[in-house]
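K.L.:
My questions concern the predicted model and sequence given below.
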Amino acid sequence: MSTPTPLFRGTNLVKEFRTGSSNPLGRAKTFRAVDEVSLEVHRGETLALVGESGSGKSTTARLVARLMDPTHGTLEFEGADVTRAKGADLREFRGAVQVIFQDPYSSLNPKHTVERLVTAPLVYQGRKIPGGARAFTRELMERVGLNPMHSERYASQFSGGQAQRIGIARALAVSPKLVICDEAVSALDVSVQAQVINLLRDLQADEGFGYLFIAHDLAVVRQIATRVAVMSQGAIVETGSRDDIFERPTHEYTTTLLRAVPRINPEWDRRRRQAEASRGASVATAASGDEAGR
């Protein structure tokens, strides 16, 4: 049985930035923010990319969305190479891949009404607005849990959670296939986080699109992720299913991240300690066997 083609695949992605200084030989120094990263996102799944601040998560997200070009590596979308796509091809790709940013206020033009914000992607894509701008906006606002009658208000007139819902509505306007959530709930209160996560889940169930979910909060990741990729110093050090990463981590850095998470579930913590003890016993048994064979 053939493996289905991923919705998105990035292969050996590298992003280097010049530091502005040079070495004694007069050559410009470079900083490698993303180092040979390979990842896949399939239809209907959520791949969470986790790691500490500065690990390269957001830079990777911008490479995936083609908001910046990779120094090396390839990007494929639905089996087609989009690494160097330009013009109409790039516009089509960007319509299929939408981004929900961390700070909704900085990503929403304060001079535009919700109606103009939500319909802007369609205008950029050169598409007709189904049913007219007002009806289209109100329908999307209702879908993301906002009062449709507030379509003429400005983003600054909404709370942080409501403004993030506007960002989600804007992303939905062009019927995307891949949605990149770049720390999309990290600036929200815990109760609002839960509401937005539930909304993202419901939308995914309805539309079947994939999520690349960038986060450093592992408690949030455990709620929404299908698979998890752990990133450190620009490289992915471990990838696995949500349960494998949280209950059976294999990389020391992943274990360190998990130990830093506040524990509110004693049973989960007990199972994690048992798994670590079991791995330690297996290593010790193997070592003693090797010693006996010498």
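P.N.:
Right, received. Where do you want to start?

K.L.:
residues in contact with residue 50?
P.N.:
Residue 50 makes contact with 57, 215, 216, 218, 221, 228, 229, 230, 231, 257, according to CB atoms under 8 Å, 6 or more residues apart in numbering. The C-beta positions use only the backbone N, C-alpha and C, and glycine is treated the same way.

K.L.:
Now intersect those residues with the strands, please.
P.N.:
215, 228, 229, 230, 231 (DSSP state E).

K.L.:
Look at the second one and say how many residues are nearby.
P.N.:
Using other CB atoms under 10 Å, residue 228 has 26 other residues around it.

K.L.:
what are the bridge partners for it, then?
P.N.:
residue 48, residue 240 (DSSP bridges).

K.L.:
Narrow the contacts of residue 50 to those that are buried.
P.N.:
Burial by neighbour count, 16 or more other CB atoms under 10 Å: within the contacts of residue 50 this picks out 57, 215, 216, 218, 221, 228, 229, 230, 231, 257.

K.L.:
ok, so of those, who is nearest residue 244?
P.N.:
Within the buried ones among the contacts of residue 50, distances to residue 244 taken as CB to CB reach their minimum at residue 228, with 8.1 Å.

K.L.:
need the contact list for residue 120.
P.N.:
112, 170.

K.L.:
cool, the one 5 residues further on as well?
P.N.:
If a contact means CB under 8 Å, 6+ apart, then residue 125 has 91, 95, 174 as its contacts.

K.L.:
I'd like the buried ones among the contacts of residue 50 as a markdown table, with distance to residue 185 and pLDDT appended.
P.N.:
Below are the buried ones among the contacts of residue 50 laid out as a markdown table (distance: CB to CB, whole Å; pLDDT from 0 to 100):
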| residue | distance to residue 185 | pLDDT |
| --- | --- | --- |
| 57 | 14 | 93 |
| 215 | 8 | 89 |
| 216 | 11 | 85 |
| 218 | 13 | 88 |
| 221 | 10 | 91 |
| 228 | 16 | 96 |
| 229 | 18 | 96 |
| 230 | 19 | 95 |
| 231 | 18 | 94 |
| 257 | 18 | 88 |
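
K.L.:
Closest one to residue 251 out of those, please.
P.N.:
Checking those one by one against residue 251 (CB to CB), the nearest turns out to be residue 230, at 6.6 Å.

K.L.:
Can you tell me how far residue 99 is from residue 170?
P.N.:
Going from residue 99 to residue 170 by CB to CB, to the nearest Å gives 10 Å.
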